[in-house]
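In: coordinates only, sequence not included:
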């Protein structure tokens with residue numbers, strides 16, 4: 001079989017293995033960050049964390065005057081631009097040392113030094129102070145291999161550099177000798193007690209584990225080391241590099257505590273916690289400190305100034321005078337204070353961030369014991385995954401020796417035996433794992449997964465991928481990392497093999513990707529849609545309502561518009577959707593006469609009641625929100641509970657029109673000013689403002705209580721309008737709406753009774769609810785009953801621009817008699833039988849009340865939402881669009897009820913500013929780059945001004961800031977509101 005054929009087979013296999021697409025990315029792509037990280041999952045979380053840090057800093061570091069009075073906070077800006085000595089810098093340093101000591105549970109008897117630099121500096125401090133060639137009996141054992149020895153081939157540059165530094169220290173010291181250092185034959189292992197004693201070891205240096213090689217010590221090795229120390233604690237010392245061991249010690253809680261107490265530990269705190277400059281911390285045992293102190297009396301070498309742990313006691317005698325640890329940069333946990341300060345300038349903000357980061361880690365993960373347990377669990381998770389997958393394997397074969405913080409993995413792929421090709425695939429896979437992505441030979445670009453941006457093994461180390469998997473990470477993130485490593489390798493392998501095939505003359509054509517939804521309609525069929533309500537309310541030249549805008553919209557979409565009923569289906573253009581406009585249909589007989597046998601595939605209507613027996617195979621749209629009139633069994637009746645066809649509506653289209661008409665009904669009654677009478681008297685010259693005005697006291701809307709039942713699109717619009725008039729608004733809705741209702745400044749009511757209590761106005765917007773098929777009644781019918789009405793303030797106004805059945809007529813009759821209700825406004829359906837003129841519909845029970853209480857009822861024939869021609873046209877256009885989607889793509893927008901089999905749900909659409917805000921609304925604004933950038937700039941300026949003023953308690957300085965920024969803040973706030981209003985984001989979020 002030719003090489004080309006084999007490579008094609010391999011490409012085919014990898015494409016098949018990745019055909020389902022990329023796995024989900026981990027929450028944090030920076031798997032190269034250390035065991036203690038801020039763990040922010042995205043850019044928003046990172047910015048929120050910065051804000052939280054600023055607030056925490058201001059709360060904890062305060063300015064105190066000479067009498068101890070609090071003058072306000074130190075801000076991030078002040079600390080950043082100040083000298084890093086004195087207060088609060090000294091306190092920030094002490095707090096950091098305390099937090100590190102406390103979180104990692106170091107014993108109190110051990111002192112902790114701090115200084116500038118990263119891991120190498122910490123190593124240097126520990127070694128240069130403990131190792132002394134002038135001591136004849138000192139022997140050093142290092143758990144890494146000797147530089148340039150045969151065994152060091154897999155040690156990597158960093159380990160060899162540590163070992164090289166040790167050799168050079170001995171080599172260039174006057175009494176130094178390389179023979180005083182014994183190197184390991186196996187990387188990252190601890191000899192037995194017997195072996196260490198046979199070598200005469202007095203100082204053990206543990207640097208050959210975890211950080212670069214993804215291995216750790218076994219429990220038995222640590223136990224051997226501790227036993228060796230216990231046999232002569234005054235003269236034997238151990239130093240461990242804890243760069244990645246902290247929070248990832250898999251030996252059990254007791255052994256961990258013992259190791260921290262009996263071993264010296266150095267650790268860098270660079271980006272591992274989030275500081276902005278590198279520094280190190282070294283924990284010394286009391287016995288080790290004695291050795292350091294003695295070494296100062298007969299030093300073997302000069303120690304750099306910023307690394308000195310024993311400064312001169314007498315500043316005038318820096319060369320010849322005594323040096324002591326007592327004034328060094330040490331934290332004494334017993335006294336909870338620094339014995340001395342750091343010698344060189346450091347970043348106070350970096351130290352503060354460390355403290356803050358540890359507090360967050362404790363809150364998110366728990367104690368260091370919890371972190372250790374989580375690390376062990378993550379090691380088990382990754383071991384289980386690798387055991388069940390053939391592509392990735394560990395470089396460390398012994399399970400107990402595998403690191404609990406760092407993993408080093410290699411790819412085992414029998415297809416790829418060429419090392420150069422293997423290296424190319426690994427390199428390309430890392431482009432895909434990051435944000436760079438890869439471009440295939442046919443020009444198609446495969447975007448980066450952004451799943452793991454830092455997974456390089458250290459130079460010289462075996463393995464292909466290296467990542468931190470310590471306890472700070474959730475197990476699911478570890479699994480997702482492995483899934484992405486495998487996926488990225490396979491996709492990169494495809495790209496590299498295609499490049500090799502292309503080099504041998506193979507051609508690769510680009511394959512256009514599908515955009516949007518696939519067509520599912522039959523091009524050989526003509527589809528029919530009935531429009532059974534007025535499309536336009538404005539009269540045309542012929543004196544009848546004008547439907548031309550909808551007709552034009554249908555034609556623009558490729559459909560056909562017909563005035564009148566369907567005549568001959570066979571005469572219709574195939575592959576087209578035909579709309580038949582019959583707004584005169586009204587009675588059940590008329591509708592069933594043309595819909596009972598599926599003559600029309602779909603229907604658009606507004607107020608017309610659609611009988612149960614009507615058949616529409618491809619669905620129906622009700623222009624408006626409620627679907628109580630959509631009775632067809634094709635979708636399971638008004639609730640759309642079942643059926644093969646979808647039921648849809650156009651929520652929000654007429655919400656503002658309905659709300660405005662409800663307010664118009666209210667404004668006819670309140671304010672209680674007889675406008676017509678005053679007009680007549682004024683034009684007749686029969687009114688004197690100074691003399692007669694006292695005779696017309698007026699009750700206004702401002703300060704009166706409005707109860708709104710329902711927090712849907714219309715109810716919310718009514719609440720907003722009433723609030724704009726200065727009314728006190730109380731809203732009844734389900735509990736899940738409470739947080740949003742209160743966020744808009746409205747009062748929440750758990751029940752209709754509580755909403756109605758003492759209300760001057762009650763406005764109903766709950767809808768009929770579900771239909772109970774056993775009783776034939778809707779859930780909310782009679783909701784406004786005697787109990788609700790009796791809770792109203794005397795003389796209240798009742799507005800029902802929803803459904804007539806919502807009010808109990810007998811209860812309303814009694815409330816009108818008692819004067820509990822002074823006026824009623826109702827907008828509901830009413831129908832007149834053409835044959836005998838008989839009236840039916842939910843408005844008819846109100847007609848007798850109108851006779852009994854003349855002038856106190858205003859009854860409308862369900863026209864409040866339909867008085868606006870542009871609104872009806874907009875709703876009709878949306879309904880047409882929804883019908884096109886349903887027929888052509890089997891895609892449903894604004895679904896009511898259950899989604900029929902074979903359809904996809906596209907979510908909901910409402911006009912901007914109506915109803916709830918959606919992620920689509922936010923996304924649409926984000927796509928408007930100029931508006932989005934403007935919103936970001938405004939938000940950042942607003943936050944900066946408010947934060948700066950809040951952090952400035954001094955009255956004069958605060959007044960200065962207020963004066964300086966007031967005008968700009970006011971302008972920014974208005975522009976901020978305008979952008980969000982235009983985008984419809986000043987609203988509760990959709991579920």
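Out: It's in. Here the structure is a predicted model, which is why all the values come from computation and not from measurement.
In: Tell me how many other residues crowd the nearest residue to residue 922 once chain neighbours are set aside.
Out: In this structure, residue 922 finds its nearest non-sequential neighbour in residue 985, 6.4 Å apart by CB to CB, 6 or more residues apart in numbering. Bear in mind the C-beta positions are built from the backbone N, C-alpha and C, glycine included. Per other CB atoms under 10 Å, the neighbour tally for residue 985 reads 18.
In: any idea which helix or strand of this structure has the worst average confidence?
Out: The weakest-scoring helix or strand in the chain, judged by mean pLDDT, DSSP states H and E, is strand 831-832 (a mean of 73).
In: re earlier: need the contact list for the residue nearest to residue 922.
Out: 917, 921, 922, 925 (CB atoms under 8 Å, 6 or more residues apart in numbering).
In: if you set the cut-off to 10 Å instead, what comes out?
Out: Residues in contact with residue 985 (CB atoms under 10 Å, 6 or more residues apart in numbering) are 912, 913, 917, 918, 921, 922, 924, 925, 935, 979.
In: How far does the helix or strand where residue 872 lies sit from its chain's centre?
Out: Using DSSP states H and E, residue 872 sits in helix 869-889. Taking the mean of its C-alpha atoms, helix 869-889 sits 33 Å from the chain's own mean (CA atoms, centre = their mean, to the nearest Å).
In: Next step: the contacts of residue 985 restricted to strands.
Out: In strands, judged by DSSP state E, none of these are found.
In: and of the residues you listed, the nearest to residue 807?
Out: Taking CB to CB as the measure, residue 807 lies nearest residue 913 of the contacts of residue 985, at 29.8 Å.
In: And the pLDDT at that closest one?
Out: In this model, residue 913 is scored at 67, pLDDT.
In: same deal with the one 4 residues further on?
Out: Reading off the per-residue confidence, residue 917 sits at a pLDDT of 81.
In: Count the neighbours of it for me.
Out: By the criterion of other CB under 10 Å, residue 917 has 21 neighbours.
In: Repeat that for the one 10 residues further on.
Out: By other CB under 10 Å, 9 other residues sit near residue 927.
In: next one: residue 63
Out: 15.
In: Could you list which residues are in contact with the closest residue to it other than its chain neighbours?
Out: Leaving aside its sequence neighbours, residue 63 sits nearest to residue 71 (CB to CB, 6+ apart; 4.0 Å). Contacts for residue 71 (CB under 10 Å, 6+ apart) come out as 62, 63, 64, 65, 953, 954.
In: hang on, residue 71 is in a strand, isn't it?
Out: Yes - using DSSP: H, G, I helix; E, B strand; the rest coil, the assignment for residue 71 is a strand.
In: what pLDDT does residue 66 get?
Out: Predicted confidence (pLDDT) for residue 66: 92.
In: Could you confirm residue 159 falls within a strand?
Out: No - counting by three-state DSSP, residue 159 is not part of a strand but helix.
In: Now do the same contact list for residue 450.
Out: Shown in contact with residue 450 (CB under 10 Å, 6+ apart): 25, 26, 29, 432, 433, 434, 435, 436, 437, 484.
In: buried residues in whichever strand or helix holds the last one?
Out: It refers to residue 484. Using DSSP H and E, residue 484 sits within helix 475-503. By neighbour count with 16 or more other CB atoms under 10 Å, helix 475-503 contains the buried residues 477-498, 500-501.
In: Can you name every helix or strand that it contacts?
Out: helix 3-17, helix 368-387, strand 392-394, strand 406-411, helix 419-433, strand 438-439, strand 445-446, strand 465-468 (3 or more CB pairs under 10 Å, 6 or more residues apart in numbering; DSSP states H and E).
In: hmm, back to that, the residue nearest to residue 922 falls within a strand, correct?
Out: No - counting by three-state DSSP, one finds residue 985 to be coil, located in no strand.
In: what about residue 580, which SS state?
Out: Residue 580 ends up strand, using three-state DSSP.
In: What degree of burial does it show, as a neighbour count?
Out: By other CB under 10 Å, the residues close to residue 580 number 21.
In: State the three-state secondary structure for residue 240.
Out: Residue 240 ends up strand, using three-state DSSP.
In: cool, residue 597 as well?
Out: Following three-state DSSP, we place residue 597 in the coil state.
In: Please look at it and residue 617 and confirm they touch.
Out: No - counting by CB atoms under 10 Å, residue 597 does not reach residue 617; the two are 11.1 Å apart.
In: So those two - more neighbours on which side?
Out: Taking other CB under 10 Å, residue 597 and residue 617 do not tie; residue 617 has more neighbours (14 against 11).
In: Could I get the contacting residues of the spatially closest residue to the more buried one that is not a sequence neighbour?
Out: Distances taken as CB to CB, 6+ apart place residue 601 nearest to residue 617, at 5.4 Å, with adjacent residues excluded. By CB under 10 Å, 6+ apart, the contact list for residue 601 reads 525-530, 577-578, 615-619, 645, 883, 886-887.
In: Just the ones of these in helices?
Out: Of these, the ones assigned to helices by DSSP state H are 883, 886, 887.
In: What does the pLDDT read for the closest residue to the second one other than its chain neighbours?
Out: What that stands for is residue 886. Computed as CB to CB, 6+ apart, the closest residue to residue 886 that is not its neighbour in sequence is residue 619, at 4.9 Å. pLDDT recorded at residue 619 is 97.
In: Residue 619 touches residue 884, doesn't it?
Out: No - in this structure residue 619 lies outside contact range of residue 884 using CB under 10 Å: 11.4 Å.
In: where do the contact lists of the two overlap?
Out: Here residue 619 and residue 884 have 529, 602 as joint contacts, going by CB under 10 Å, 6+ apart.
In: Need the distance between the two termini of stretch 75-94.
Out: 18 Å (CA to CA, to the nearest Å).
In: so how far is that stretch from its chain's centroid?
Out: Relative to its chain's centre, stretch 75-94 lies at 33 Å (CA atoms, centre = their mean).
In: re earlier: among the contacts of residue 71, which ones are in strands?
Out: Using DSSP E, the contacts of residue 71 in strands are 62, 63, 64.
In: correct me, but the last one touches residue 73?
Out: What it means is residue 64. No - Residue 64 lies out of contact with residue 73 (CB under 10 Å); the separation is 11.0 Å.
In: These two - which one has more neighbours?
Out: Neighbours per residue (other CB under 10 Å) separate residue 64 from residue 73, with residue 73 holding more: 21 against 12.
In: Beta-bridge partners for the more buried one, please?
Out: Taking DSSP bridges as the rule, residue 73 bridges to residue 62.
In: got a list of what it touches?
Out: 54-55, 57-63, 88, 950-953.
In: thinking again about what came up before, how many neighbours does the residue nearest to residue 886 have?
Out: That count, for residue 619 with other CB under 10 Å as the rule, works out to 29.
In: Kindly report the same for the one 3 residues further on.
Out: Taking other CB under 10 Å as the neighbour definition, residue 622 ends up with a count of 28.
In: For the nearest residue to it once chain neighbours are set aside, grab phi and psi.
Out: Excluding the flanking residues, the one nearest residue 622 by CB to CB, 6+ apart is residue 649, at 4.7 Å. The phi/psi pair for residue 649 (degrees, to the nearest 10) reads phi -140, psi -180.
In: And for residue 436?
Out: phi -70, psi -40.
In: ok, how many other residues are close to it?
Out: 14.
In: in terms of contact, does it touch residue 488 like I think?
Out: No - the criterion here is CB under 10 Å, and residue 436 misses it with residue 488 at 11.4 Å.
In: which neighbours do those two share?
Out: Taking CB under 10 Å, 6+ apart as the criterion, residue 436 and residue 488 both touch 428, 430, 448.
In: So what's the residue count around the last one?
Out: In this case it means residue 448. Residue 448, neighbours per other CB under 10 Å, totals 19.
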